[in-house]
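Peer 1: next input, structure requested:
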Amino acid sequence: MSNLRRKLPSANALFVFEAAARCGSFTRAAAQLGVTQPAVSRMLSLLEAHLEVQLFVRTSGGISLTDNGNILYRGIEDGFRHIEEAIQEIRARHTGMETITLSVSTAFTTHWLMPRMHRLQQEFPTVDLRFQLISGSVKGSVEDVDLGLRFMTSNDEEHESALIMPEILIPVCSSEYRAQHFPEASTPGELTLISLSDSRANWSDLFPEFVRLCPAPPHELNFSDYAVVLQAAMLGQGVAIGWFNVTTHWFTKGALVPAISCAIMTERQCHFIHSRKKPPSDATLRVRDWLIEEIRTETRQVMQRYPELALERYLVGCL
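Peer 2: Okay, here's the model as predicted:
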């Protein structure tokens, strides 16, 4: 260890380097570390001078790691992960509590997880849950968390995954809105379509027949947070594209209903995933399996309530 100290200008250089490499930007690294961008730049220049190699390629568009930088980043990433695991183990031994961090959307947390949070805590009294919340489209690294909910088209070498269900989309609204705008045997009333602003899901591409039902060009509401999209739909502001894995709770409660009897499946599947570099603890696996079983139990309830959606054709092998 004393030899390592002689090879570095300071131990803090490792934290600064890791943040810059992970963020891909000195500015973002500085914001995360709570220092100025020039301070980050000076520290990394000092580290490069000390090692006598270039670690970053600096361009007008940002930074990228050199081959030497990649070697150092891999070593630091592994080292920090082992240190974090050791600290978590010490904390768990001392307190009897284990921290599990989930990377999920604000919508999933608000509209699906919160209604059953009390039961989850009763089921896992020695687990502290922490959240990395995503307001828009669900994406991003899961390197710094224990478990992430992600949509995937195929498995990859970097992650292990547990299938929840295919990606199923349904136009959803409140029961009052459906009664007012989709009267039986009549032309629908003027509609408002509620969308997630950064989503790949497009009304015209996914539900062209639904859009053609509109007697006039529909109004549009766009939000950057899918939790707000669903809240607007529940409050009777329009029709939203409902991701089924997020909306099952409100389907069972009647707060959301299918605007029309239509459900589609995309090429993606919804998984809980974790990095192969960070094997999950037994507690993480138990929480994951509990969440999946809760989703599937609720899915069966929705299938019974809305047989016209014919969801069983998409859920073969998932229930």
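Peer 1: so the most centrally placed residue in the chain, which state does it fall into?
Peer 2: Centroid-nearest residue in the chain, with CA atoms, centre = their mean: residue 104, separated by 3.5 Å. Following DSSP: H, G, I helix; E, B strand; the rest coil, residue 104 is assigned to strand.
Peer 1: that one touches residue 113, doesn't it?
Peer 2: Yes - in this structure, residue 104 is within contact of residue 113 by CB atoms under 8 Å, at 7.3 Å. Backbone N, C-alpha and C define where each C-beta goes, glycine included.
Peer 1: helices of the chain, start to end?
Peer 2: Ranges of helices within the chain are 2-6, 12-23, 26-33, 37-51, 67-95, 106-108, 117-123, 175-181, 203-206, 208-213, 226-234, 244-253, 282-305, based on DSSP state H.
Peer 1: for residue 165, which of the ones you listed is the nearest?
Peer 2: helix 244-253 (6.0 Å; CB to CB).
Peer 1: against which helices or strands is that closest one packed?
Peer 2: Of the remaining helices and strands, those touching helix 244-253 by 3 or more CB pairs under 8 Å, 6 or more residues apart in numbering; DSSP states H and E are helix 106-108, strand 159-173, helix 226-234, helix 282-305.
Peer 1: outside of the first one, which residues touch it?
Peer 2: When contacts are taken as CB atoms under 8 Å, 6 or more residues apart in numbering, the neighbours of helix 106-108 outside the stretch itself are 133-135, 138, 149, 225-227, 229-230, 243, 245-246.
Peer 1: nearest to residue 194, of the helices of the chain?
Peer 2: helix 226-234 (5.2 Å).
Peer 1: which strands or helices does the closest one pack on?
Peer 2: helix 106-108, strand 159-173, strand 192-196, strand 219-223, strand 239-243, helix 244-253.
Peer 1: any low-confidence regions in the stretch 151-300 of the chain?
Peer 2: 183-188 (pLDDT under 70).
Peer 1: give me the nearest residue to residue 123, chain neighbours excluded.
Peer 2: residue 290 (6.1 Å; CB to CB, 6 or more residues apart in numbering).
Peer 1: list the residues that contact the one you found.
Peer 2: 120, 123, 124.
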